[in-house]
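Undergrad: Got a predicted structure plus its sequence, pasted below:
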Amino acid sequence: MRSRVATGLAVVLVVAGLVNSVWLWVAPTRANEVSAFVTYPLAVLAFGFLVYRFFGRAAIRGHDEYVNQPPVPGPPTATVRCSGHIGSMSFRNTLVVAVYPDRLTIRPLLLGTRTIMASRLTAVELGWRRVTVEHTSGDLRSPVTLRVSTDHPARAAIERLAGSVSRPPRTG
């Protein structure tokens, strides 16, 4: 519900900025200049929000349609706020990752929660301060790279979630 209100408000602000710019061009007065000084920055911010909202979702969404997962009973095993990459899109300290016994949920800022079920994991590569998760989930693009400290509990929880799934070392 909040996302619909925010999107509607952003559209109204963009339209108001466009109308105000036309009105300033048609009837340039001091009052129109002051109102333009207020509405232009709001319109630009609202347009940026709309671009991020719609194109950002396309950048992280997988090829299949989004399927709502049933709610998870109980609290997560571990939670971390971190930086990372989902497909080709970078996030700087705006990913909230929660590890449950049967799934991994990732919530990018302003884009909604995405889920990777444990059965959809194909490989987990643990590097220094980095965890790369490859998967076949249609909810997110693969791979998902998270920047997580080597001693953080979320890293160990992701490793337990993956179980025996590991990526073979690259040669050559």
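TA: Perfect, I can see it now.
Undergrad: Quick one: mean pLDDT for the longest helix belonging to the chain?
TA: In the chain, with assignment by DSSP state H, the single longest helix is helix 30-60. Mean pLDDT, computed over helix 30-60, is 73.
Undergrad: Mind giving me the packing neighbours of that helix?
TA: Applying 3 or more C-beta pairs under 8 Å, 6 or more residues apart in numbering; DSSP states H and E, one finds that helix 30-60 contacts helix 2-26, strand 89-99. No exception for glycine: its C-beta is placed from N, CA and C like everyone else's.
Undergrad: most neighbours per residue, which of these?
TA: Per-stretch averages of neighbours, counted by mean count of other C-beta atoms under 10 Å, single out strand 89-99 among the helices and strands packed on helix 30-60, with a mean of 17.
Undergrad: tell me the angle that strand makes with helix 30-60.
TA: Compare the direction of strand 89-99 with that of helix 30-60 by axes from the mean of the first three to the mean of the last three C-alpha atoms, to 10 degrees and you get 60 degrees.
Undergrad: Using PDB, write out every CA atom in strand 89-99.
TA: Coordinates of each C-alpha in strand 89-99 appear next as PDB, following Å, rounded to 0.1, in the frame of the first residue of the first chain:
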ATOM      1  CA  MET A  89      23.100  -3.800 -10.200                       C
ATOM      2  CA  SER A  90      25.200  -2.600  -7.300                       C
ATOM      3  CA  PHE A  91      23.900  -1.800  -3.900                       C
ATOM      4  CA  ARG A  92      25.900   0.100  -1.300                       C
ATOM      5  CA  ASN A  93      25.000  -0.900   2.200                       C
ATOM      6  CA  THR A  94      21.300  -1.000   1.300                       C
ATOM      7  CA  LEU A  95      20.700  -4.800   1.200                       C
ATOM      8  CA  VAL A  96      19.100  -6.400   4.200                       C
ATOM      9  CA  VAL A  97      19.700 -10.200   4.100                       C
ATOM     10  CA  ALA A  98      17.900 -12.600   6.400                       C
ATOM     11  CA  VAL A  99      18.800 -16.300   6.500                       C
END
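Undergrad: Paired strands for that strand, with orientation please.
TA: Applying DSSP bridges, strand 89-99 is found paired with strand 78-86 (antiparallel), strand 103-108 (antiparallel).
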